[in-house]
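[1] I'd like to go over a predicted model; first the sequence, then the structure.
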Amino acid sequence: MSKLTLGLQLGYWGAQPPPNLVSLAQEAERLDFDSVWVAESWGNDCFTPLAWIGSQTSRIRLGTAVAQLSARTPTACAMAAMALDHLSGGRMMLGLGVSGPQVVEGWYGQPYSKPVTRTRDYVDIIRQVLAREQPVTSDSEFYPLPYHGPGSWGMGKPLKPIVHPLRADLPIFIGAEGPRNVAQTAEIADGWLPLYYSPYRQEVYADQLLAAKPGFEIPALVLCNINDNLEEALYPVKAMLGFYIGGMGSKARNFHKELMARMGFADEAEQIQELFFAGKRDEAIALVPSRFADEISLCGPRDRIREKIRDWESSPVTSLLINGDSALLREMAELVL
């Protein structure tokens, strides 16, 4: 068994920024949480809140989970990561993800093509920037450097960053769900950010993780709800799953639905999506199997959660990413740390 660390997952904003971002991060740091993570969707970016939090903490590691590839070029992403790493004294972790076709094409106005290849090219360029050994070049079809395509003035030349990176080995994490993307993540990244992970179905990802090098980190999002009534405790997990499996993707392609199918719940995933698209959201949530919701979360009475933590300690997961108020953070710190 390996000892788990804890991370605070702050997610992305709703209509307004949460008023307690800094105070929660400070409480997590006081409780010896290892990391704090900020996400982006089509609202807030992830670097700005993380910089704000980093300026008011001193030890906790700072992660993007995840910075969307289509939101910025790889060199722009590397610049933001370098700046935050310097300003925080080496606490930055760069979590990346391709997002999905609805966001990439609908919000960023870019084609959602070859996501696995695009991710590899993106990471390669960032690694070059951080190494700062020579001017950055790439023959990528997505990120050619220098650019000599249509509209080019023909004046571009390879450049090295002016800023000397604080760490050439600034850790890069990738949020991946598909088998090919997870396998590539184990090969090219320092860590993997799974959305749903079940310590009871380790075989789902076992082959894809074989290429992971020593020290490879797996911080997994784990929804926690301490409640003596297990079904009540599981409801927020089911609501999240119903929304992502039913609505976060098109009818033709939904990566969350496909993952649920690979984890053994294909029929339920199909029915959940059908109900969600029919406007029957409550029925879709009710159809989420309690078994599935329970496997990927830590819910129920305190003693039950304590027992389940042992199952997570026996998995490849290295950190549990928790989302909740300060009371939940304290409870989980007592149980895990």
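    Thanks, I have it.
[2] can you give me the helices in the protein?
    Listed from the start of the chain, the chain has helices (DSSP state H) covering 21-30, 47-54, 74-88, 101-106, 115-131, 179-188, 203-206, 230-247, 255-262, 266-277, 281-287, 290-295, 302-313, 326-336.
[3] worst average pLDDT in these?
    Taking each of the helices of the chain in turn, the one with the lowest mean pLDDT is helix 255-262, at a mean of 79.
[4] from the chain's centre, how far out does that one sit?
    16 Å (C-alpha atoms, centre = their mean, to the nearest Å).
[5] before we move on, what about stretch 325-333?
    Its chain's C-alpha centre and that of stretch 325-333 lie 21 Å apart, by C-alpha atoms, centre = their mean.
[6] ok, residue 327 - how many residues close by?
    Here the neighbour count serves as a burial measure; for residue 327 (other C-beta atoms under 10 Å) it reads 10. (Each C-beta comes from the backbone N, C-alpha and C, glycine too.)
[7] ugh, typo on my part, it should be residue 103
    Per other C-beta under 10 Å, the neighbour tally for residue 103 reads 20.
[8] residue contacts, it?
    By C-beta atoms under 8 Å, 6 or more residues apart in numbering, the contact set of residue 103 is 41, 42, 68, 70.
[9] returning to that earlier point: tabulate the helices of the chain in CSV, adding columns for distance to residue 165.
    As requested, the helices of the chain are arranged in CSV below (distance: least, C-beta to C-beta, whole Å):
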stretch, distance to residue 165
helix 21-30, 24
helix 47-54, 16
helix 74-88, 5
helix 101-106, 28
helix 115-131, 5
helix 179-188, 18
helix 203-206, 31
helix 230-247, 35
helix 255-262, 32
helix 266-277, 42
helix 281-287, 45
helix 290-295, 40
helix 302-313, 34
helix 326-336, 32
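[10] Would you mind measuring from residue 190 to residue 28?
    Distance from residue 190 to residue 28, counting by C-beta to C-beta, to the nearest Å: 21 Å.
[11] Neighbour count for the two, which is higher?
    Here residue 190 and residue 28 are compared on neighbour count by other C-beta under 10 Å; more neighbours surround residue 28, at 26 against 18.
[12] Can you report how many residues lie near residue 315?
    Residue 315 sits with 19 neighbouring residues when counted by other C-beta under 10 Å.
[13] How about it: what's its closest non-neighbour residue?
    Distance criterion C-beta to C-beta, 6 or more residues apart in numbering; nearest residue to residue 315, sequence neighbours excluded, is residue 199 at 3.8 Å.
[14] if you look at the contacts of residue 103, which of them are in strands?
    Among the contacts of residue 103, the residues falling in strands (DSSP state E) are residue 68.
[15] which among the contacts of residue 103 gets closest to residue 263?
    Of all those, the one with the least separation from residue 263 (C-beta to C-beta) is residue 41, at 23.6 Å.
[16] Just give me the neighbour total for residue 173.
    Here the count is done by other C-beta under 10 Å, and residue 173 has 26 residues near it.
[17] which ones are touching it?
    63, 65-66, 93-96, 189-193, 217, 219.
[18] Tell me what it is bridged to.
    Note on residue 173: beta-bridge partners by DSSP bridges are residue 95, residue 191.
[19] Could you tell me how many residues sit around the nearest residue in space to residue 273 that is not next to it in sequence?
    Setting aside the residues directly before and after it, residue 273 is nearest to residue 246 in space (C-beta to C-beta, 6+ apart), at 5.2 Å. Burial of residue 246, expressed as a neighbour count using other C-beta under 10 Å, amounts to 26.
[20] Would you confirm that residue 246 contacts residue 271?
    No: counting by C-beta atoms under 8 Å, residue 246 does not reach residue 271; the two are 9.7 Å apart.
[21] Run a quick neighbour tally on residue 211.
    Neighbours of residue 211 under the rule other C-beta under 10 Å: 13.
[22] Next one: it from residue 81, what distance?
    24 Å.
[23] Next up, the contacts around the residue nearest the centre of the chain.
    A centroid search over the chain (C-alpha atoms, centre = their mean) returns residue 65, at 3.8 Å, as the residue closest to the centre. For residue 65, the contacting residues are 9, 37, 38, 39, 46, 95, 173, 175, 193, 219, 321, by C-beta under 8 Å, 6+ apart.
[24] Just give me the neighbour total for the fourth one.
    A total of 25 residues lie near residue 39 under the criterion other C-beta under 10 Å.
[25] just the one 4 residues further on next, same as before
    By the measure other C-beta under 10 Å, the count of residues near residue 43 is 13.
[26] Over to the one 3 residues further on?
    Burial of residue 46 is recorded as 24 neighbouring residues (other C-beta under 10 Å).
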